[in-house]
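> how would this look folded up:
(2 chains)
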2 protein chains.
Amino acid sequence: MGSSGAVPAYGRYPSAQLVCIQNEYMLVDCGEGAQIQLFRYGCPVQRINHIFISHLHGDHYLGLMGLLFTLHLNHRTNDLHLYSHRGLQDIIITQLKYSSSALRFRLIFHELTPGKAETILDSKHFTVSTIPLKHKLNCSGFLFREKSKPRRIDKTVLPSGLSIRELNALKAGDDIRHEDGTVRFTNASLTLKPRKSRSYAYCSDTAYDERLVNIIREVDVLYHETTFMEADRDKAEETLHSTAAQAAHIARLANCERLLIGHFSARYIEMEPLLAEAQAVFINTELALEGKTFTLAE
Amino acid sequence: MGSSGAVPAYGRYPSAQLVCIQNEYMLVDCGEGAQIQLFRYGCPVQRINHIFISHLHGDHYLGLMGLLFTLHLNHRTNDLHLYSHRGLQDIIITQLKYSSSALRFRLIFHELTPGKAETILDSKHFTVSTIPLKHKLNCSGFLFREKSKPRRIDKTVLPSGLSIRELNALKAGDDIRHEDGTVRFTNASLTLKPRKSRSYAYCSDTAYDERLVNIIREVDVLYHETTFMEADRDKAEETLHSTAAQAAHIARLANCERLLIGHFSARYIEMEPLLAEAQAVFINTELALEGKTFTLAE
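Prediction:
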């Protein structure tokens, strides 16, 4: 929804991403105007049940209050889970108080632990855990990992007449046996290997920090902020942000499949130079621009 | 900057207007995305020294925090005056605390008195006073009035050789006299009447309320919210908003020159029907749409 750094510029909005895993929609950061962007791109906002805020700099959360009011006005009643470092609850409660508003739905606040990689959501099909980032405020990235998937029955070789119990045994990886316990069909003969469990790591905002590498190793897609280019590296170091080349180094060291870059400084009008700088280090890099969808193959 | 009601929709942003009087720039309400809009339309944001917030519903102030951060990041140092009902200071201080930010410039908070029409800014060329509005929260509109302007010297008839003291006497409305006190030139013979003192009234959000009429009588331009159309009048009454026809009635009763309408509900895709409904009552009505500039002749 937004590729901009701290100051929105040239039509770029502050940080916000919609992540969908197996029909579960989640929002990652929620910068100012996120609801406008979600509306623009036809996203199913009422299906968002989890919102993850990396840190409490304005460009990562200022769109949240407006989104909450809009969900309320559009008659949401489902619980909404908010994950953030300490302070978000105070910020939201303060604003609800002065607007004399009681939301129609429940907010469930989950406070992140500074400096610690921890699992914060363990759902049926995936987990979300935090990635400690090196920034001026307590700041965490988020790592989305699908759980192992069942083996898939190979319908082209499946004999007829198997019971549901037997089919479930196949999916669980077991052989099918005769009543005397001897193997009737080996699992491998009737199933295909599971679909791949995909993973996505969101890292914004952060200075160059190789401690990331172990946490995000071999993720399918890494989003890593690239506020600056190497020519402005002093600025990156001063503000605890990263350059495009640095993000690409992290992706290469961690052996990621793809790298998405964003959180671009307002000093850059065109993004192609940042892309080129990253691709010189890690070829499989893309710009995480407004309105773009990235689909991960299974 | 924004013509939308509570929920932004169809590219319409929440309430925000930039008012310029004799080179003084002021912001009236500051809904989410106001800074994005100000940037889009090339407005001189650093020249804004006064921000007036009508009330603390999110669609009227949620863009303020992001704007403050952007002014800070762009090295503003001038004082910024904020006018609002009680709560804005708490909301801003709470958010500054959790972002560990100290702004480079001073915020000066001015708390509005609920239910009272009072002058809140008295500057060299104009005043700003409040307009009590009938809404669910404490809510005030704002009335901008230029002060009386000096008579203008008529250069086509001005004799040469007058002193600066004599020219100032003319501007002040005095005659020019001989040393013995007798009139040398009458003021009327050398001057033209002053340029018109213009006025603008901003009224959002409010139910239909004829008590407005006395306060805004004969303003040059009235902005009056029109969240709904007459077909949804029950909804307007329930939410303490106005219909397009009601806004036009107020403009007619107050004998205003022009009416601007905005704060459109997300239920309306096209605005022309609202315009037609208002124009049926008050012909000189215009839509206060994003990016439009309204210039008041002197």
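
> need the contact list for A:P114.
Taking Cβ atoms under 8 Å, 6 or more residues apart in numbering or on different chains, we find A:P114 in contact with A:85, A:132, A:138, A:140. For every residue, glycine as well, the C-beta is placed using N, CA and C.

> thought the second one was touching A:F142?
No - with contact defined as Cβ atoms under 8 Å, A:P132 does not reach A:F142; the gap is 11.2 Å.

> The two: who's more crowded?
For A:P132 versus A:F142, neighbours defined as other Cβ atoms under 10 Å in any protein chain shown are more numerous around A:F142 (26 against 21).

> tell me the phi and psi of that one?
Per-residue torsions, A:F142: phi -130, psi 130 (degrees, to the nearest 10).

> ok, so what distance separates A:I283 from A:V19?
Separation of A:I283 from A:V19 (Cβ to Cβ, to the nearest Å) stands at 24 Å.

> Nearest spatial neighbour of whatever residue of the stretch 151-298 of chain A ends up closest to chain B, chain-adjacent residues omitted?
Nearest residue of the stretch 151-298 of chain A to chain B (Cβ to the nearest Cβ) works out as A:A266 at 8.5 Å. Excluding its sequence neighbours, the residue lying closest to A:A266 (Cβ to Cβ, 6 or more residues apart in numbering or on different chains) is A:A9, at 3.7 Å.

> Show me what that neighbour is bridged to.
A:A9 forms beta bridges with A:R12, as assigned by DSSP bridges.

> count of neighbours near it?
Residues near A:A9, counting by other Cβ under 10 Å: 20.

> who in chain A is up against chain B?
Within reach of chain B by Cβ under 8 Å from any Cβ of the partner chain, chain A has these residues: A:6-9, A:11, A:13-14, A:32-33, A:35-36, A:39-40, A:56-59, A:62-63, A:65-66, A:69-70, A:73-74, A:86-88, A:90-91, A:94-95, A:97-100, A:136-137.

> neighbours of A:G58, just the number please.
When neighbours are counted by other Cβ under 10 Å, A:G58 comes out with 24.

> ok, A:T295 to B:R267 distance?
A:T295 is 34 Å from B:R267, by Cβ to Cβ.

> let me fix that: A:H110
For A:H110, the distance to B:R267 (Cβ to Cβ) stands at 35 Å.

> ok so, going back, so which of the contacts of A:P114 sit within helices?
Using DSSP state H to define helices, no part of the contacts of A:P114 is located there.

> out of those residues, what pair is the most spread apart?
By the measure Cβ to Cβ, A:H85 and A:P132 form the most distant pair in the contacts of A:P114, at 11.0 Å.

> just to revisit the earlier point, make CSV out of the contacts of A:P114 and add distance to A:F52.
What follows is those, written out as CSV (distance: Cβ to Cβ, whole Å):
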residue, distance to A:F52
A:H85, 11
A:P132, 14
A:N138, 14
A:S140, 8
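
> What is the nearest of those residues to chain B?
Out of these, the member with the shortest distance to chain B (by Cβ to the nearest Cβ) is A:H85, at 8.3 Å.

> for the closest one, what are its contacts?
Counted by Cβ under 8 Å, 6+ apart, A:H85 has contacts A:53, A:55-56, A:111-112, A:114, A:137-140.

> now, which of the residues you listed sits nearest B:D175?
Closest to B:D175, out of all of these and judged by Cβ to Cβ, is A:L56, at 66.2 Å.

> Tell me which helix or strand that closest one sits in.
Assigned by DSSP states H and E, A:L56 belongs to no helix or strand.

> okay but it is in contact with A:Q89, surely?
No - using Cβ under 8 Å, A:L56 is not in contact with A:Q89; the gap is 11.1 Å.

> Those two: who's more crowded?
A:L56 (23 against 14).

> ok, that one - contacts?
A:84-85, A:87-88, A:91, A:137, B:95, B:98-99.

> One more: A:I153?
A:167, A:170-171, A:190-192.

> can I get these in TSV with neighbour count, distance to A:R258 and secondary structure?
As requested, the contacts of A:I153 are exported to TSV (neighbours: other Cβ atoms under 10 Å in any protein chain shown; distance: Cβ to Cβ, whole Å; DSSP: H, G, I helix; E, B strand; the rest coil):
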residue	neighbour count	distance to A:R258	secondary structure
A:L167	14	35	helix
A:L170	22	33	helix
A:K171	15	30	helix
A:L190	21	34	helix
A:T191	20	29	strand
A:L192	13	25	strand
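
> Relative to B:A278, which of these is nearest.
A:K171 (64.3 Å).

> Now do the same contact list for the closest one.
Per Cβ under 8 Å, 6+ apart, neighbours of A:K171: A:150-153, A:191.

> Please report how far it lies from B:G5.
Distance from A:K171 to B:G5, counting by Cβ to Cβ: 51 Å.

> With A:Y202 instead?
33 Å.

> hang on, the earlier thing: what about the residue of the stretch 151-298 of chain A closest to chain B, how many residues close to it?
Neighbours of A:A266 under the rule other Cβ under 10 Å: 18.

> List phi and psi for it.
phi -70, psi -10.

> Kindly report the same for A:A169.
Taking degrees, to the nearest 10 as the convention, A:A169 sits at phi -60, psi -40.

> just to revisit the earlier point, the residue nearest to A:A266 reaches B:L38, doesn't it?
No - the criterion here is Cβ under 8 Å, and A:A9 misses it with B:L38 at 11.5 Å.

> okay, now A:F52: neighbour count?
With other Cβ under 10 Å as criterion, A:F52 counts 26.

> Look up how far chain B lies from it.
Between A:F52 and chain B the distance, using Cβ to the nearest Cβ, to the nearest Å, works out to 17 Å.

> who touches that residue in this structure?
A:26-29, A:83-84, A:120, A:128, A:142, A:202.

> Over to A:Q89?
Applying Cβ under 8 Å, 6+ apart to A:Q89 gives the contacts A:82, A:109, A:111.

> now A:I120
A:52, A:83, A:110, A:112, A:128-130.

> mind redoing it with 10 Å?
A:50, A:52, A:81, A:83, A:110-113, A:127-130, A:140, A:142-143 (Cβ atoms under 10 Å, 6 or more residues apart in numbering or on different chains).

> do A:A276 as well
Counted by Cβ under 10 Å, 6+ apart, A:A276 has contacts A:229, A:244, A:285.

> Over to A:L38?
Contacts of A:L38 (Cβ under 10 Å, 6+ apart): A:1, A:16, A:18, A:25, A:27, A:30, A:44-45, A:48, A:63, A:67, A:70.

> Based on its surroundings, how many neighbours for A:S148?
Using other Cβ under 10 Å as the criterion, A:S148 is surrounded by 10 other residues.

> same question, A:T130
There are 24 residues near A:T130, going by other Cβ under 10 Å.

> That one: what's its closest spatial neighbour, skipping adjacent residues?
Nearest one to A:T130, counting by Cβ to Cβ, 6+ apart, is A:S140 at 4.1 Å.

> ok, now A:F105?
Looking at A:F105 with Cβ to Cβ, 6+ apart, the closest residue is A:R76, at 4.8 Å.

> The one you found belongs to a helix?
No - applying DSSP: H, G, I helix; E, B strand; the rest coil, one finds A:R76 to be coil, outside a helix.

> If I look at it, what pLDDT would I see?
In this model, A:R76 is scored at 97, pLDDT.

> what do you get for the one 5 residues further on?
For A:H81, the model assigns a pLDDT of 98.

> How much space separates the residue lying farthest from the centre of chain A from A:N187?
The centre of chain A is farthest from one residue, A:D180, which by Cα atoms, centre = their mean lies 48.9 Å away. Here A:D180 is placed at a distance of 18 Å from A:N187 (Cβ to Cβ).

> just to revisit the earlier point, show me the contacts for the residue of the stretch 151-298 of chain A closest to chain B.
Listed by Cβ under 10 Å, 6+ apart, the contact set of A:A266 reads A:4-10, A:12, A:227, B:39, B:70, B:73-74.

> Tell me what the nearest residue to A:T119 once chain neighbours are set aside is bridged to.
Closest residue in space to A:T119, ignoring its immediate chain neighbours: A:S129 at 4.5 Å, by Cβ to Cβ, 6+ apart. Applying DSSP bridges to A:S129 gives these bridge partners: A:T119, A:L143.
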